[in-house]
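1. output the structure for:
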Amino acid sequence: MDEYIVGLDIGSSSVCTAAGKLDKYGKVQIVGINYVPCTGIKKGVVIDIDETSESIKNSIYQLQTMIDSKVAEIYLSIPAEICEIILNKGVVAVSSDDREIKKNDVNRVLSASRIITIPSNKEIIGVIPEEYIVDGYNKIKDPIGMSGVRLEVDAQIILSESTIISNLLKCIKKAELNVKGMVFQPMANALSTLKEEETETGVLLLDVGAETTNITVFKEGKITYLDKISIGGNIITNDISLCLKLPVSEAEKVKLKYGKINLQKEEDFKIKINASYDNAIEISYNILNEIISSRVEELLYLVKNKLIKNRQMESISNVVIVGGGIALLKGVNELGKRIIGKPTRIGTPEYIGTVSPLYSSAVGVVEDVLNTLEFNPIDEKDIEINRKREKYQREEEEVFYEEEKHGFMSKIKEFFIDFF
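-> Residues are numbered from 1 along each chain as shown. Presented below is the predicted three-dimensional model:
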């Protein structure tokens with residue numbers, strides 16, 4: 001599966017996969033994406049290996065149908081709620097004689113930053129460089145090609161519990177897939193939904209999932225604050241189910257179809273819902289949206305209190321909401337701006353067919369991997385030469401086949417003449 005890069009995002013309510021590749025100009029193209037329901041994960045932890053594996057299989061099968069190619073390897077998005085970040089420094093001497101920093105030197109300094117004492121039940125799943133330092137000069141983003149004697153890196157080391165990662169990998173292995181790499185979910189979301197100037201000036205990335213809300217603050221191009229709240233979109237669904245006496249599955253459908261955050265009173269009307277096999281009931285549109293608005297308001301106030309308590313409010317200039325928990329509800333932008341006091345928008349990837357906050361993680365994984373690949377642009381003349389060469393080879397093969405066929409028929413003819 002060398003042609004396509006496949007990103008896999010396993011959430012508490014769904015599994016999302018995306019396939020992408022580089023076009024001839026080195027631009028990322030997303031050529032297939034889908035998501036399927038999943039109930040085998042809760043708050044980033046596997047609670048049912050078989051259910052999770054089956055959801056992954058279904059998602060990959062649909063993706064293979066879209067791209068008409070078999071998928072054997074994937075890159076996995078690792079959710080923030082199962083991770084923690086610690087800071088460390090790596091230092092190496094530049095190895096080349098001319099003192100030019102090469103990719104190998106960068107790889108060595110990143111490896112050096114991983115040399116750290118960690119608890120026995122945890123493992124390092126990734127390293128995010130904050131800045132490189134060359135001979136004492138800091139705030140360097142990419143040192144490759146620069147000259148220097150000493151190369152340092154200030155890095156964020158991402159840790160997770162070994163058992164949690166092991167169970168995730170078991171689910172993927174049971175789906176007959178190999179994990180080729182892992183990407184930290186907040187970084188994937190940032191790559192696919194945030195603008196570069198936002199991450200520099202300060203932005204709150206709010207990833208509201210089914211069970212957990214992940215809070216990430218970016219400032220000066222790096223993660224400066226990471227936190228979580230152990231509630232998500234499912235709490236809204238459960239409230240609708242309890243208050244309106246609906247099955248949870250119907251409550252979720254009603255939330256997504258009619259859900260809206262009412263900042264102003266609207267004209268009420270009745271919604272007809274199948275409460276059970278042969279029982280249809282009517283519910284009030286305004287009561288439904290009062291339930292939704294109250295819970296979303298509570299969630300946003302919890303986020304605001306976290307930011308104030310940890311002195312992060314001054315660090316952010318705007319808010320971007322991703323995920324499926326509340327990002328799909330109408331009116332969440334206005335409510336977010338009113339409560340948090342910052343301009344708020346829904347973060348969506350900008351590729352054709354991916355304009356949904358549900359796809360941000362899977363698309364971000366594909367982008368992250370493709371952006372690290374070395375790209376050699378193909379000249380248009382080279383493409384035309386290759387086409388002509390292939391056409392000439394096909395014509396040569398056809399001539400050869402015709403000669404072989406006629407020669408073979410001649411021998412048969414001579415055989416029958418001699419025989420008779």
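2. please enumerate the strands of the stretch 51-200 of the chain.
-> Using DSSP state E, counting those that start in this stretch, the strands of the stretch 51-200 of the chain run over residues 73-78, 83-93, 122-134, 137-140, 150-161, 178-184.
3. can you tell which of those strands is closest to residue 359?
-> With C-beta to C-beta, the closest approach to residue 359 among the strands of the stretch 51-200 of the chain belongs to strand 73-78: 11.3 Å. The C-beta positions use only the backbone N, C-alpha and C, and glycine is treated the same way.
4. could you look up the SS state of the residue nearest in space to the middle of the chain?
-> With distances taken as C-alpha atoms, centre = their mean, residue 361 lies nearest the centre of the chain, 2.1 Å away. Using DSSP: H, G, I helix; E, B strand; the rest coil, the three-state assignment for residue 361 comes out as helix.
5. ok, which stretches of the stretch 201-350 of the chain are strands?
-> Going by DSSP E, counting those that start in this stretch, the stretch 201-350 of the chain shows strands at 203-208, 213-219, 222-229, 270-276, 279-284, 318-322, 344-346.
6. send over the third one as CSV, restricted to the C-alpha atoms.
-> Taking only C-alpha atoms (Å, rounded to 0.1, in the frame of the first residue of the first chain), the coordinates of strand 222-229 have been written out as CSV:
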residue,chain,number,x,y,z
LYS,A,222,3.5,24.9,20.0
ILE,A,223,1.2,23.3,22.6
THR,A,224,1.3,25.3,25.8
TYR,A,225,-1.6,23.8,27.7
LEU,A,226,-3.3,20.4,27.7
ASP,A,227,-6.3,19.4,29.8
LYS,A,228,-9.6,17.5,29.6
ILE,A,229,-13.1,17.3,31.0
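7. partner strands of that strand, with direction?
-> strand 213-219 (antiparallel) (DSSP bridges).
8. tell me how far the strand it pairs with lies from the chain's centre.
-> Strand 213-219 sits 15 Å away from the centroid of its parent chain (C-alpha atoms, centre = their mean, to the nearest Å).
9. list of residues touching it?
-> Outside strand 213-219, the residues that touch it by C-beta atoms under 8 Å, 6 or more residues apart in numbering are 79-81, 185-186, 189-190, 194, 198-207, 223-229, 231-232, 299, 302-303, 306-307, 312, 315-316, 325.
10. mean confidence for it?
-> Mean pLDDT, computed over strand 213-219, is 95.
11. pull the CA atoms of that strand into CSV?
-> This file holds the C-alpha atoms of strand 213-219, laid out as CSV (Å, rounded to 0.1, in the frame of the first residue of the first chain):
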residue,chain,number,x,y,z
THR,A,213,-13.7,17.1,25.9
ASN,A,214,-10.0,17.7,25.2
ILE,A,215,-8.7,21.2,25.8
THR,A,216,-5.5,22.2,23.9
VAL,A,217,-4.0,25.7,23.8
PHE,A,218,-1.5,26.6,21.0
LYS,A,219,0.8,29.6,21.3
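12. and the angle from it to strand 318-322?
-> 140 degrees (axes from the mean of the first three to the mean of the last three C-alpha atoms, to 10 degrees).
13. how far off strand 203-208 does strand 213-219 point, in degrees?
-> Using the same axes, to 10 degrees: strand 213-219 against strand 203-208 is 170 degrees.
14. about what we covered before: of the contacts of strand 213-219, buried ones?
-> By neighbour count, with 16 or more other C-beta atoms under 10 Å, these hold 79-81, 185-186, 189-190, 194, 198-199, 202-207, 223, 225-229, 231-232, 299, 303, 306-307, 312, 315-316, 325 as buried.
15. how about residue 259, what does it touch?
-> 236, 288-289, 292, 328-330.
16. now the residues you listed in TSV, with neighbour count and distance to residue 122?
-> TSV is the format used below for the contacts of residue 259 (neighbours: other C-beta atoms under 10 Å; distance: C-beta to C-beta, whole Å):
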residue	neighbour count	distance to residue 122
236	26	33
288	23	43
289	21	43
292	26	38
328	18	34
329	24	36
330	13	41
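17. state the pair within the residues you listed that is farthest apart.
-> 288 and 328 (15.0 Å).
18. show me where pLDDT drops low in the protein?
-> The chain contains residues with pLDDT under 70 at 1-2, 276-278, 374-420.
19. per-domain residue ranges of it.
-> With domains defined by the TED database, the chain comprises 82-162, 227-346.
20. which among those domains is found nearest to residue 66?
-> domain 227-346 (20.5 Å).
21. relative to the whole chain's centre, how far out is that closest one?
-> Using C-alpha atoms, centre = their mean, the offset of domain 227-346 from its chain centre is 23 Å.
22. stretch 332-348 too?
-> 22 Å.
23. out of the strands of the stretch 201-350 of the chain, nearest to residue 156?
-> Using C-beta to C-beta and comparing the strands of the stretch 201-350 of the chain, the one that lies nearest residue 156 is strand 222-229, at 6.5 Å.
24. what lies in contact with that closest one?
-> When contacts are defined by C-beta under 8 Å, 6+ apart, strand 222-229 is touched by residues 80-81, 84-85, 128, 130-131, 156, 186-187, 199, 212-218, 299, 302-303, 306, 310, 312, 315.
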